[in-house]
Each structure stands twice: as structure tokens, then as C-alpha cells.
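>>> Next input, structure requested:
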Amino acid sequence: MATVDHRLTLNPPATRRRTARPWLLLALSTLVVALVVLPIGYLALRAASAGPEAWGALLRPRTLRVFTGSAALALGTAALSTLLALPVAWLTVASDLPLRRFWAVATLLPLAVPSYIFGFAMVAVLGPRGMLQQALAPLGVERLPSIYGFGGALLTLTLCSYPYVLLTVRAALRRCDPAVEEAARSMGDGPRAVFLRVLLPQLRPAIAVGALLVALYALSDFGVVSLLQFDSFTRAIYMQYRGSFDRSGAAVLALMLVLLTLGLLWLEHLIRGRPSMSRTTCAVARPRRPVALGPWRWPAVLFCASLVLLGVGLPLFALSYWLIRGLSNGQALVSLWQASANSLLAGALAAALAVVCALPIAILAVRHPGRLSQLLERGAYLGYALPGIVVALALVFFGANVVPLLYQTLPMLLIGYTVRFLPQAVGSVRTSLQLMNPRVEEAARALGRRPLSVLTSVTTPLVAPGLLAGAALVFLTTIKELPTTLLLGPSGFPTLATMVWSATSEALFTRAAAPALLLMLLSALAMALMVAQDHAAEEPLRYNGQYEGTSHPATDE
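Numbering: from 1, shown residues only. Now for the predicted structure:
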């Protein structure tokens, strides 16, 4: 250990020469971001051909209402999701919550529910004339409060998307060194002071990344806002495409959505900051001791159970009702084998491709900070804010006119998925890199390892939890994605998502129940494996603590 530190102290110029110009990372990141920016180029091309009438629509009061409403929905969903995810993350990582492993998986299950299924379940169960009202009718309840509009969309999107914050915060919390918190308590700080002064600054980057994913998810969602009749940019763009067939006008609205996304990225950068998140002790980090909840144990269980009941139980109840009703009416179950295989294949390939594309961008942003790396990282997030239909149409235009060999093929579908969901992988990988002390990589380079060898043998194994979390997020979102699959999928390539949409679009909800339930089951199994891997991945991070000396200047700025 002393030898490694001695080499790092005597030969810093050699290390700087190796890392000062990461041309390969720059080239790979630029290529990935160019692919992400392709749909925006399509929008700019369409908007350039728009007439004065399309640009004049930006000044209408309705457009302003759509802009402010979309911004309020995104920020409100991010704030509420953070308020829900923070206590759940702490309870499932740092407390003696009963059945802690079960709640760790169950509170993530809303990610398994497609938003359009969740939105219809909310309307069917909690609507003014829904199932709950019918059950309360004997008690004199003739109508429930309306769930349509901003309030219903905010509640539904929060229940759908808070696991994005939960995943990133919990991963960061599991890797925070509890010795720092214990030292603060030994110096007289109470629980509130320890959380605000010690723990929260370490969690702030993970909170910012998770909240950003939630805000972008709310901006790009179409199913919930359509079913709950809330005017957002995605709904306005879709109506522009479908109603007037004016793609130029829709492109102008989509460019406004891009500007709103840039504002959210700037806000996330201010919130995240650049604190050091790497461990600073030389010893192996001790496992975190669960905090005794005492009389708060059962209220905590009730809190987690309420989230699971609303986020999973509600759509599960609605789908089970439709399935039982269909079977009781003699409706036969259709074969789901081919659709299931296609969903698994597309999801797995998209997850692998997204993680591979995210790795150079995350390394460049964390290990080589600067204006160019920051610009490339921000560019990677742009595709996630665009509606899936806009990304898909842009790639259809590109494939049909530039690379016809890729038109309506599986590779083009995978490119569409990667453009849409790359930020999920970038955020997870970036957080894991921030948790890893850069001295480990510098020590390997000082001992003669080449950069590619350091990446494959040192960096990648140590950030494996982030890679797996990012891949799981992309997989879960991909198998639910609808517009991209409908427009870019090869002919004769049914998936579970397209089967559900085909049935629900024709109001055949009993036929949609079986594929929707299977989709939830596959997602739940993927989450269980991800959480199990996350527990197993703690050892490499503790081993990493053996090599971390004092804090590094690159992470202390």
C-alpha cells in the first residue's frame, strides 16, 4: 500500500500525460451523442419548413398554458417522487424494517407497470364512476371527486416513476461509509444534523440524477396525460400529428419541449453540485448497522405497504378483474410465447447496447470534467425528453432516406431504444463512478497498465453495480415502450406491449389483461434479480476501500 502511494506521489506527471487527452473517450462519446441528437436535427429540419402560422402558434395563450403545465407537472412529479423515495430508501437500507428485503423489491414494482395501463387502472378504479364508487354506492356515494386533470396526472406519474429516485438513492446510500455518520454522532450531532450535514450532501448527486429521470419521464409520457385528459406537450404534439397531419407544427412544439429539457438539465446541475462521494478511510468499510425504529416500525411498514398497494395493487386488481371477467365469459387465452420472446430479446439487447454507450460518456464526465465533457453528458439526456413518437418518426425518416437497409429492422429498433433510454444508463454508471476513488485507477496506470486494460480489469468490475442497475432500468423501460416499438419494430415482431396496446385501443380490456400481467411478472423477476445482485455487489466496493487513501483533489473540488 505504501509503495503504491509512493509511486503516485513521485510520478504525477506521467499519470497526467496518460489521462490528459482521452481522445478515444471523446470520439466514442461524440458518436453516441450524435446519434441522440439525430431526432433533434430532424425536428429542426421540419421546423425550418414551417410557415408563419406554425411559428405564430407559439404565441397563443393555449401554448403558454401547455408550456407552464408541462413544466409544473415535471417539477411536481420530481419533487413528490423524491419525498416518497428518500424515506423508503433509508428504511430499506439503514433501518431494522420488518421484511426489509421484501419491501426493497416490492417498492420498485411500479416500474413494471406500463403507464397507459396504470392510467386506465386509475380511471377504472378511482374515477368518478369507477369500481370504488360502485362499491360505495350502497353507502350513498353517488360520485367520487374527479381524478382527471393536473392532480390525477401528478398522482399517477408519481406512483409510476418514484422508483427511479429510489434506485439511485438506495445505491448511493448502500455505498456511503457509515463511519462518517458515527463520527458525527460521537461529536454530539443529533439524527437530524447527521442527515442534513453528513448524509444528504453525499446523496445529493444521486437525488439529482433520479429526480431528473423522473422529470424527463413526466415530460415524455403520453399514456397517462391522454387518459387523464391533461394538456401537456406530448399530448399536444400527438394531436398535431394525428389531427392536422402538420409535422412542421408538431416539430415546432417538440423544439419547445427540448428547450424545457435543457432548463431541467441546468437545474439538475445546480442541485447536484460536485461533492466528493468516495470513501476516505484506508480500512475496509464496515457494514452499516441497522437503526432501530422502535415504535415507528409498524407506521413505517404501513407507509411502504400503502405505496405498494397504490403502485402495484391497484393495477394488479384491475387487470385481475378483467382477466377473470374474460375467462368467465368464455374468452380463450391467446398464445403469448412469441410476444414474450420478442420482448425479452429486444429488452436484453437494448440494455446491453445502452450500457456500452453510456460507459464512455460517464467516464469522461467524472474522470475528465470540463466544458466539453459536460456538454456531451447533457446531450445524452436529450432523447429521453422527446416523445417516443417523435424519436421513432425521426428514425423512420433517417432509415428510409439515408440507410434503407436498416428500415424496419431489429437494429433500428435497438437504436431507437438506446436514443430514448440512454440517460437511465448514464445516470447509474455516473453515480457508481463518483463512488469509486480515482486513486485505484491511477495506481493501476502507475504500475504499467494501459488505459484499456484499466477500464476492463479495474474500472468495470468496480462499477458493476451501476452497470447492472442501468441495464435493469433500460430493460424494464424497453419492454414497456410502445410508440418506438410500433413504428420501428420489424414486420411480424409482436411484443407484449404492442399486444396490450392493440387490445386496449379497441377497448378489449379482457384481452389485454393476460399480456399485461405477464409483462408485470417479467419485470418483477428482473427487479428481484437486480436487488439480489446489488446485495452481492457490496463486497467489491468494500475491497475498493482498502486502496483508498486520503481524498483526491479531482473529487474534492
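
>>> any idea whether the residue nearest to Leu35 when sequence neighbours are not counted is helix, strand or coil?
Distances taken as CB to CB, 6 or more residues apart in numbering place Val419 nearest to Leu35, at 6.3 Å, with adjacent residues excluded. Heads up, the C-betas are built off the backbone N, CA and C, glycines and all. Secondary structure for Val419, judged by DSSP: H, G, I helix; E, B strand; the rest coil, is helix.

>>> quick one: what helix or strand has Val224 in it?
helix 223-227 (DSSP states H and E).

>>> Which positions in whichever helix or strand comes after that helix come out as buried?
Using DSSP H and E, the helix or strand that follows helix 223-227 in sequence is helix 233-239. Across helix 233-239, burial judged by 16 or more other CB atoms under 10 Å covers Phe233, Thr234, Arg235, Ala236, Ile237, Tyr238.

>>> List the neighbours of helix 233-239 that are in contact with it.
66-67, 70, 219-222, 225-226, 250, 253-254, 256-257, 260, 387, 389-390 (CB atoms under 8 Å, 6 or more residues apart in numbering).

>>> How are the strands of the stretch 151-300 of the chain distributed by residue range?
Read by DSSP state E, counting those that start in this stretch, the stretch 151-300 of the chain holds no strands at all.

>>> I should have written the chain there, sorry.
Counting by DSSP state E, the chain has no strands to list.

>>> Outline the domain layout of it.
Domain ranges of the chain: 64-276, 321-548, per automatic domain parsing.

>>> residues touching Leu353, list them.
Leu353 touches Leu414, Tyr417, Thr418, counting by CB under 8 Å, 6+ apart.

>>> could you measure it against Ala380, distance?
Leu353 is 14 Å from Ala380, where distance means CB to CB, to the nearest Å.

>>> Please apply the same query to Phe230.
Distance from Phe230 to Ala380, by CB to CB: 28 Å.

>>> neighbour-wise, which of these two wins?
Ala380 (25 against 22; other CB atoms under 10 Å).

>>> from memory that one sits against Leu359, does it?
No: with contacts counted by CB atoms under 8 Å, Ala380 stays clear of Leu359, the gap being 11.6 Å.

>>> Check the gap between Val356 and Leu395 for me.
19 Å.

>>> no, scratch that, I was asking about Arg420
Arg420 is 10 Å from Leu395, by CB to CB.

>>> The two: which has the busier surroundings?
Shown here are Arg420 and Leu395; by other CB under 10 Å, Arg420 has more neighbours (28 against 25).

>>> quick one, what contacts the more buried one?
Gly383, Tyr384, Leu386, Gly388, Val391, Thr477, Glu481, Thr484 are the contacts of Arg420 under CB under 8 Å, 6+ apart.

>>> Columns distance to Leu372 on top of the residues you listed, output as TSV?
Output for the contacts of Arg420, formatted as TSV (distance: CB to CB, whole Å):
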residue	distance to Leu372
Gly383	19
Tyr384	21
Leu386	23
Gly388	29
Val391	25
Thr477	28
Glu481	31
Thr484	29
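
>>> Out of these, the closest to Pro114 would be?
Glu481 (8.7 Å; CB to CB).

>>> count of residues packed around that closest one?
Neighbour tally, Glu481, other CB under 10 Å: 24.

>>> give me phi/psi at it?
Per-residue torsions, Glu481: phi -60, psi 140 (degrees, to the nearest 10).

>>> Next, work out how far apart it and Gly416 are.
For Glu481, the distance to Gly416 - CB to CB - is 8 Å.

>>> for Val32, same thing?
For Val32 relative to Gly416 (CB to CB), the value is 14 Å.

>>> Also Ile363?
In terms of CB to CB, Ile363 sits 25 Å off from Gly416.

>>> what ranges do the helices span in the stretch 101-250 of the chain?
With helices called from DSSP state H, counting those that start in this stretch, the stretch 101-250 of the chain shows them at 115-126, 131-136, 150-174, 178-186, 191-194, 200-220, 223-227, 233-239, 247-272.

>>> Need those in TSV (columns: distance to Ala27 and mean pLDDT).
What follows is those, written out as TSV (distance: least, CB to CB, whole Å; pLDDT from 0 to 100):
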stretch	distance to Ala27	mean pLDDT
helix 115-126	36	82
helix 131-136	56	82
helix 150-174	28	88
helix 178-186	39	68
helix 191-194	44	68
helix 200-220	25	83
helix 223-227	38	81
helix 233-239	34	76
helix 247-272	23	73
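
>>> Just put these in TSV and tack on distance to Gly311.
As requested, the helices of the stretch 101-250 of the chain are arranged in TSV below (distance: least, CB to CB, whole Å):
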stretch	distance to Gly311
helix 115-126	8
helix 131-136	17
helix 150-174	5
helix 178-186	29
helix 191-194	28
helix 200-220	14
helix 223-227	13
helix 233-239	22
helix 247-272	24
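
>>> Gly370: which of these is closest?
Once the helices of the stretch 101-250 of the chain are compared by CB to CB, helix 247-272 is nearest, at 13.8 Å.

>>> gap between the residue nearest to Ile363 when sequence neighbours are not counted and Ala471?
Distance criterion CB to CB, 6+ apart; nearest residue to Ile363, sequence neighbours excluded, is Leu25 at 5.9 Å. Computed as CB to CB, the Leu25 to Ala471 distance reads 20 Å.

>>> more neighbours, these two?
Ala471 (26 against 23).

>>> Can you name the residues that contact the more buried one?
Ala351, Ala352, Ala354, Val355, Ala425.

>>> In helices, which of these fall?
Ala351, Ala352, Ala354, Val355, Ala425 (DSSP state H).

>>> State the pair within those residues that is farthest apart.
Ala352 and Ala425 (9.9 Å).

>>> And those two? Which one has more around it.
It is Ala425, of Ala352 and Ala425, that has more neighbours when counted by other CB under 10 Å, with 31 against 17.

>>> Just to confirm, what confidence does the model report for the more buried one?
Note for Ala425: predicted pLDDT of 87.

>>> From here on, call the first residue 104.
That works, and once the first residue is 104, the last one we named lands at Ala528.

>>> For it, give its distance to Ala339.
Counting by CB to CB - Ala528 and Ala339 are separated by 29 Å.

>>> in the chain, which helix has the most residues?
Per DSSP H, the chain has its longest helix at helix 164-197.

>>> Show the average pLDDT along that helix.
Per-residue scores along helix 164-197 average to 88.

>>> cool, stretch 138-152 as well?
Rounded mean pLDDT across stretch 138-152 is 78.

>>> Could you measure from the nearest residue to Arg168 once chain neighbours are set aside over to Leu176?
Leaving aside its chain neighbours, Arg168 sits nearest to Asp334 (6.8 Å; criterion: CB to CB, 6+ apart). For Asp334, the distance to Leu176 equals 10 Å [CB to CB].

>>> With Pro231 instead?
Computed as CB to CB, the Pro231 to Leu176 distance reads 21 Å.

>>> Between those two, which is the more surrounded one?
Leu176 (24 against 14).

>>> hmm, back to that, just the ones of the contacts of Arg523 in helices?
Short answer: those in helices (DSSP H) are Gly486, Tyr487, Gly491, Val494, Thr580, Thr587.

>>> what's the neighbour count on the residue lying closest to the third one once chain neighbours are set aside?
Same thing as Gly491. Nearest non-adjacent residue to Gly491, counting by CB to CB, 6+ apart: Pro586, 3.5 Å away. Residues contacting Pro586 under the criterion other CB under 10 Å number 23.

>>> Also Trp604?
21.

>>> Same check on Gln441?
Neighbour tally, Gln441, other CB under 10 Å: 13.

>>> got a list of what the closest residue to it other than its chain neighbours touches?
Once flanking residues are discounted, Gln441 sits nearest to Pro597: 6.3 Å by CB to CB, 6+ apart. With contact taken as CB under 8 Å, 6+ apart, Pro597 is in contact with Gln441, Ala442, Asn445.

>>> Give me the pLDDT value at the first one.
Translated: Gln441. At Gln441, pLDDT is 88.
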